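Q: Any chance you could fold what I've pasted below:
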Amino acid sequence: MRAADDLFALHKRKAGLDKNIADLAKGISVDKENKIMINPAIVANESIEALSELLKMRPLDAETYIELSHVYLSNGKIKEALWCVGECLIIGCSGAWNVWSYRAELCMLQGKCIAAENGDAASVRSWLYSAIASFAHSIELCSGYVRAWCGLYVSLQKLDDLKIEVDPIYPKMKFITLTQIKVMLDDVSIPVKERENIHWILNNY
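A: Numbering: from 1, shown residues only. Prediction:
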């Protein structure tokens, strides 16, 4: 228990619990029908503050960066979530295929938000390019990562839906990706839930 890593893990858990208990009172109210109402914005802001304080103590803790990224994302702050993931990759998680896939999902989500606001198609394309590159790197690190294959296919399909000029390599990538996920769909070694997700994606994109 005297090891630095163990002590920090305990301190992080204690800080999280203390913050959660103290701040839950700020974020909770009771309506006229005695129903408990939670204000997610207050809880999220307090969580961001707590995690930021932990990062001041140990700025190279990748797990805390990912936790902070998830809180930012739940609060609609995609660019801040992306920054946290970038820091996580810089400090030593460059070989983590799931982190690269998560980064790609954030890039794809940012592109979707710009499109929903009737933003410039070129900006949406740029974010999709970033998503595709990150999904591809995730697959490079782990060729059997189904989530990244599915994300890559969805990103390529969204790029195709833009109906603007793209590099000729992307239609070829889409064909290769579609072929691969169809193979995965028939692979009994892949968990049933993941194959169901592939089936849903093929029917909806």
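
Q: right, and the helix or strand after the helix or strand of the chain with the lowest mean pLDDT?
A: For the chain, the helix or strand with the lowest mean confidence is strand 36-38, at a mean of 44 (criterion: mean pLDDT, DSSP states H and E). Downstream of strand 36-38, the next assigned helix or strand under DSSP states H and E is helix 40-57.

Q: Show me which positions of stretch 146-165 end up buried.
A: If you call a residue buried by 16 or more other CB atoms under 10 Å, then stretch 146-165 has these buried ones: 146-159. C-beta coordinates here come from the backbone N, C-alpha and C atoms, glycine included.

Q: same question, stretch 189-205
A: Residues 190, 194-195, 197-198, 201 are the ones in stretch 189-205 that count as buried (16+ other CB under 10 Å).

Q: I'd like the average pLDDT over it.
A: Summarised as a single mean, pLDDT over stretch 189-205 is 91.

Q: just stretch 85-96 next, same as before
A: Stretch 85-96 shows a mean pLDDT of 88.

Q: and it, how far apart are its ends?
A: Start-to-end span of stretch 85-96 (CA to CA, to the nearest Å) is 11 Å.

Q: quick one, strands of the chain?
A: Along the chain, counting by DSSP state E, strands occupy 28-30, 36-38.

Q: Tally up the residues packed near K77, please.
A: By other CB atoms under 10 Å, 16 other residues sit near K77.

Q: From G111, how far out is it?
A: Distance from K77 to G111, counting by CB to CB, to the nearest Å: 16 Å.

Q: as a whole number, average confidence for stretch 49-64?
A: pLDDT averaged over stretch 49-64 gives 83.

Q: Return the set of buried residues in that stretch.
A: 50-51, 54-55, 61-62, 64.

Q: List of residues touching stretch 132-140?
A: Contacts to stretch 132-140, defined as CB atoms under 8 Å, 6 or more residues apart in numbering, come from residues 97-98, 100-101, 103-104, 107, 145, 148-149, 151-152, 155-156, 159, 170, 173.

Q: Apply 6 Å and report the result again.
A: For stretch 132-140, contacts defined as CB atoms under 6 Å, 6 or more residues apart in numbering pick out 97, 100-101, 103-104, 145, 148, 151-152, 155.

Q: From Q180, how far out is L152?
A: L152 sits 9 Å away from Q180, going by CB to CB.

Q: Over to T64?
A: Following CB to CB, the distance that separates T64 from Q180 is 34 Å.

Q: what's the answer for E67, then?
A: Using CB to CB, we find E67 at a distance of 32 Å from Q180.

Q: Which of the two has more residues huddled nearby?
A: For E67 versus Q180, the count of surrounding residues by other CB under 10 Å is larger for E67: 19 against 16.

Q: And the pLDDT for the more buried one?
A: pLDDT, E67: 86.

Q: Report the contact partners of it.
A: L51.

Q: Can you show me the helices along this structure?
A: Using DSSP state H, the helices found in the chain span residues 4-27, 40-57, 62-74, 78-90, 97-116, 121-141, 146-161, 169-185, 192-204.

Q: Compare the mean pLDDT across those and name the weakest.
A: helix 4-27 (a mean of 58).
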